[in-house]
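Asker: Give me the fold of what follows.
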Amino acid sequence: MNAQGFLILITLFGVSIYDFYLLKKSKVKLTSCLSSSLITFVVNFFVMAIAVVISDSIFGDDSPIAIPLAIISILGLSYFRFKGREIVGGKVKKEKEKKEKKLSEKEKTLNSIDEMSTWGYVIAVLTTIYILFT
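Answerer: Down below sits the predicted model:
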């Protein structure tokens, strides 16, 4: 195995072990710790694979950018995953869905106009970029 593959495996296992450590330190049940670290490993593996495929298709097979991009995407995703969860009383607390307040017809219309104008702006920017590069 080459050094790049070894570095990716160390990153994948390291993040999964760190996930297990954080949950165990917070006194979460062992089965929950193991399942969460396994899910972390599988999700990070697919993120790594997608990052390598995308960077290889953009920069070519011989580019050294693929591995750092994969590692940065793994660490970035894991960072936001670890920061986003809250552990209360030995259990991982899930976010509660917020109740939506009832909107009047005028507010609904204004919201839909705002959403459509945002999408129009995004499409205009992407079209301009596409035209500039072709």
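Asker: Tell me the first helix or strand C-terminal of the helix or strand of the chain with the lowest mean pLDDT.
Answerer: Least confident helix or strand of the chain, by mean pLDDT, DSSP states H and E, is strand 91-93 with a mean of 68. Counting by DSSP states H and E, the next helix or strand C-terminal to strand 91-93 is helix 105-133.
Asker: got the contact list for the residue nearest to the spatial centre of the chain?
Answerer: With distances taken as Cα atoms, centre = their mean, the residue of the chain nearest its centroid is residue 77 (4.0 Å). By Cβ atoms under 8 Å, 6 or more residues apart in numbering, the contact set of residue 77 is 43-44, 47. Bear in mind the C-beta positions are built from the backbone N, C-alpha and C, glycine included.
Asker: go with 6 Å
Answerer: residue 47 (Cβ atoms under 6 Å, 6 or more residues apart in numbering).
Asker: host element of it?
Answerer: Using DSSP H and E, residue 77 sits within helix 66-84.
Asker: Only the buried residues of that helix, if you could.
Answerer: For helix 66-84, the neighbour count (16 or more other Cβ atoms under 10 Å) marks 66-67, 69-71, 73-74, 77-78, 81 as buried.
Asker: Distance of the residue lying closest to residue 69 once chain neighbours are set aside relative to residue 12?
Answerer: Excluding the flanking residues, the one nearest residue 69 by Cβ to Cβ, 6 or more residues apart in numbering is residue 55, at 4.8 Å. Noted for residue 55: a distance of 17 Å to residue 12, by Cβ to Cβ, to the nearest Å.
Asker: Residue 124 now?
Answerer: 40 Å.
Asker: Check the offset of the helix holding residue 77 from the chain's centre.
Answerer: With Cα atoms, centre = their mean, to the nearest Å as the basis, helix 66-84 stands 7 Å off its chain's centre.
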